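J.: Attaching a predicted model along with its sequence, questions to come.
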Amino acid sequence: MEEELEEKQIEPAKRNRSLPFSLVALLLVLSFIFGGAGGFWVFGYLWESQLKPIQEKLGLLENRSPVIKKETIVQNNYIPQTTQEEKIINVVKETAPSVVSIVITKDVPVYEEYYVNPFGPDFPFDIRIPQYKQKGTKKEKIGGGTGFIISEDGMVVTNKHVVAQEGVDYTIFTYDGKKYPARVLAKDPFYDLAILQIENAQGVKFKPVKLGDSSKLQIGQTVIAIGYALGEFQNTVSVGVVSGLGRTITAAGGGMVETLEDVIQTDAAINPGNSGGPLLNLAGEVIGINVAKAYLGENIGFAIPINKVKRAINQVKTIGKIVYPFLGVYYTIINQDLQKEFNLPVDYGAWIGRNAKGEPTEIAVIPGTPADKAGLKRDDIILEFNYEKITQKNTLSKIIQKYNPGDRVTLKILRNGKEKLISVVLGERSE
């Protein structure tokens, strides 16, 4: 019993000399932390200095996916989608007040219907035949289009086919719902352009659009079209891209058929009624005037470059009309197919008195024109206009627009296999 008592007295003394449990746990945690950190450091050192170079040599790291930080990266001219949407919204807000609807009305007769008995009132049978007599006239809407304001005093640009009708009235409806009468100031003799003037707007200061530079356009560039779609939905907005540049099309509308060169192709929706509306870039600048759509395709529309419109605007402001230099010939541009088919000595140049199929035109040289006075004849081929070669891409009509009426130019022509230089003073053509 005494020995058992002694043992029981000694055991508590032994436990007092051992470490507390909490301190032991803390030491263990610290050991794991510092041990793990050291292990990671050693592994990282070995990875960079030993293991990684070996695996790179063996090609084991080629399929590893790079770690990409989730952040917005803007490179070159890339615009994040949200930013592009904001730009479109801002352009529409800024430009919409400058876009107008053009409504065409005409006085049409109003008839009153009444009935008569052709056999007189004493005829035993009640026979009535309708008769009509004019009671007066009323204004009736017969068409519409779009335009945009280019000056504070109310000058408006639109398409020529929008205002082609005579004996009608043109009314401008502005963004704020007001309406004004308008008159046609000038029509372009070559391009589908016209300029109107808003009238009876004393004291009103209109907001003009900003005109851009169509020579800087690039395929794929975002563009915005605004117009009076279907003659019903005012300031309809559509968005697309520049699908092509330098196109040549034959457009029909308003009783007119015209060949338009060097136009912009876009997939922004251009519907009937959009004609004459602006085509804008993301800077809010007008870079074209909507003119036509392809009826045999989808999302194929066309616009006249604004740089061609600027010329017309400046002429109307300075001389009150739109004029072009004039030569006075009917021609087609020679290509390789025409050269082979008709055994021509060249595959370029303007072939006088021939159409696109190589068939003779009714008139080759218009009497009394500069071409007539200079002695040009049917089947002459104009090779150069003032020492500039005439090709399918660089046509005669495109070159001549660089000059003014009254300018003297030199033509290199091919006649009966021989080249000849002819001096010509350009005439003037206006609507």
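T.: Received, thanks. Numbering: from 1, shown residues only.
J.: Verify the contact between Val184 and Tyr170 for me.
T.: Yes: counting by C-beta atoms under 8 Å, Val184 touches Tyr170, with 7.2 Å between them. The way it works is simple: take the backbone N, C-alpha and C, and place the C-beta from them, glycine included.
J.: which stretches of the stretch 301-431 of the chain have low pLDDT?
T.: Across the stretch 301-431 of the chain, nothing is flagged by pLDDT under 70.
J.: can you give me the strands for it?
T.: Using DSSP state E, counting those that start in this stretch, the strands of the stretch 301-431 of the chain run over 301-305, 323-326, 331-333, 350-352, 381-385, 388-389, 408-415, 418-425, 427-430.
J.: right, and those - which one's nearest Asp262?
T.: The closest of these to Asp262 is strand 301-305. By C-beta to C-beta, the value is 6.6 Å.
J.: Mutual contacts of Val184 and Tyr170, please.
T.: In terms of C-beta atoms under 8 Å, 6 or more residues apart in numbering, Val184 and Tyr170 are both contacted by the residues 163, 196.
J.: Among the two, which residue is more densely surrounded?
T.: Set side by side, Val184 and Tyr170 show more neighbours around Tyr170, with 25 against 18, by other C-beta atoms under 10 Å.
J.: Can you tell me how far Val157 is from Asp192?
T.: Distance, Val157 to Asp192, by C-beta to C-beta, to the nearest Å: 11 Å.
J.: Grab the most central residue of this protein for me.
T.: Leu279 (4.3 Å; C-alpha atoms, centre = their mean).
J.: which residues sit in contact with the closest residue to Thr395 other than its chain neighbours?
T.: Spatial nearest neighbour of Thr395, excluding adjacent residues (C-beta to C-beta, 6 or more residues apart in numbering): Ile333 at 5.7 Å. Counting by C-beta under 8 Å, 6+ apart, Ile333 makes contact with 348-351, 390-392, 395-396.
J.: now do Gln84
T.: Gln84 neighbours (C-beta under 8 Å, 6+ apart): 222, 282.
J.: What pLDDT is listed against it?
T.: Looking at Gln84, its pLDDT is 83.
J.: Then it would be within a strand, right?
T.: No: using DSSP: H, G, I helix; E, B strand; the rest coil, the secondary structure at Gln84 is helix, not a strand.
J.: pLDDT weak spots in the stretch 51-200 of the chain?
T.: Scanning the stretch 51-200 of the chain for pLDDT under 70 picks out 51-81, 107-108, 114, 119, 123, 134, 136-137.
J.: try 80
T.: 51-82, 107-142 (pLDDT under 80).
J.: can you give me the strands for it?
T.: 99-116, 129-149, 155-158, 169-173, 179-187, 194-198.
J.: Would you quantify the distance from the residue nearest to Thr395 to Gly353?
T.: Ile333 is 13 Å from Gly353, by C-beta to C-beta.
J.: same deal with Val316?
T.: 34 Å.
J.: pretty sure Lys389 is touching Leu383, no?
T.: Yes: counting by C-beta under 8 Å, Leu383 is a contact partner of Lys389 at 7.0 Å.
J.: Give me the more crowded residue out of these two.
T.: Taking neighbours as other C-beta under 10 Å, Lys389 and Leu383 compare with Leu383 leading, 18 against 12.
J.: one step back: wait, which of the strands of the stretch 51-200 of the chain is closest to Lys418?
T.: Closest approach to Lys418 among those (C-beta to C-beta): strand 179-187, 41.2 Å.
J.: Go through that closest one and flag the buried ones.
T.: Judged by neighbour count (16 or more other C-beta atoms under 10 Å), strand 179-187 contains these buried residues: 180, 182, 184-187.
J.: So which residues make contact with that strand?
T.: Strand 179-187 has contacts (C-beta under 8 Å, 6+ apart) with 102, 154-156, 160, 163, 169-174, 193-201, 312, 315-316, 320-322, 431.
J.: ok, 6 Å please
T.: 160, 163, 170-173, 194-201, 316, 321-322, 431 (C-beta atoms under 6 Å, 6 or more residues apart in numbering).
J.: who does it pair up with?
T.: Strand 179-187 has its sheet partners listed here by DSSP bridges as strand 169-173 (antiparallel), strand 194-198 (antiparallel).
J.: can I see the domain layout of the chain?
T.: Domain ranges of the chain: 96-116+129-198, 210-319, 325-430, per automatic domain parsing.
J.: looking at these, which is closest to Glu85?
T.: domain 210-319 (9.5 Å).
J.: what about that closest one, distance to the chain center?
T.: Here domain 210-319 is found 5 Å from its chain centre; the criterion is C-alpha atoms, centre = their mean, to the nearest Å.
J.: before we move on, what about stretch 121-138?
T.: Centroid separation for stretch 121-138 versus its chain: 56 Å, with C-alpha atoms, centre = their mean.
J.: how far is stretch 355-364 from where the chain is centred?
T.: In terms of C-alpha atoms, centre = their mean, the centre of stretch 355-364 is found 33 Å from the chain centre.
J.: May I have it exported as CSV, CA atoms only?
T.: What follows is stretch 355-364, C-alpha atoms only, in CSV (Å, rounded to 0.1, in the frame of the first residue of the first chain):
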residue,chain,number,x,y,z
ASN,A,355,-22.5,50.9,-126.2
ALA,A,356,-21.3,48.3,-123.6
LYS,A,357,-22.0,45.5,-126.1
GLY,A,358,-20.0,47.2,-128.8
GLU,A,359,-23.1,48.0,-130.8
PRO,A,360,-23.3,51.4,-132.5
THR,A,361,-25.2,54.1,-130.6
GLU,A,362,-27.8,56.3,-132.3
ILE,A,363,-25.6,59.4,-131.8
ALA,A,364,-21.8,59.2,-131.4
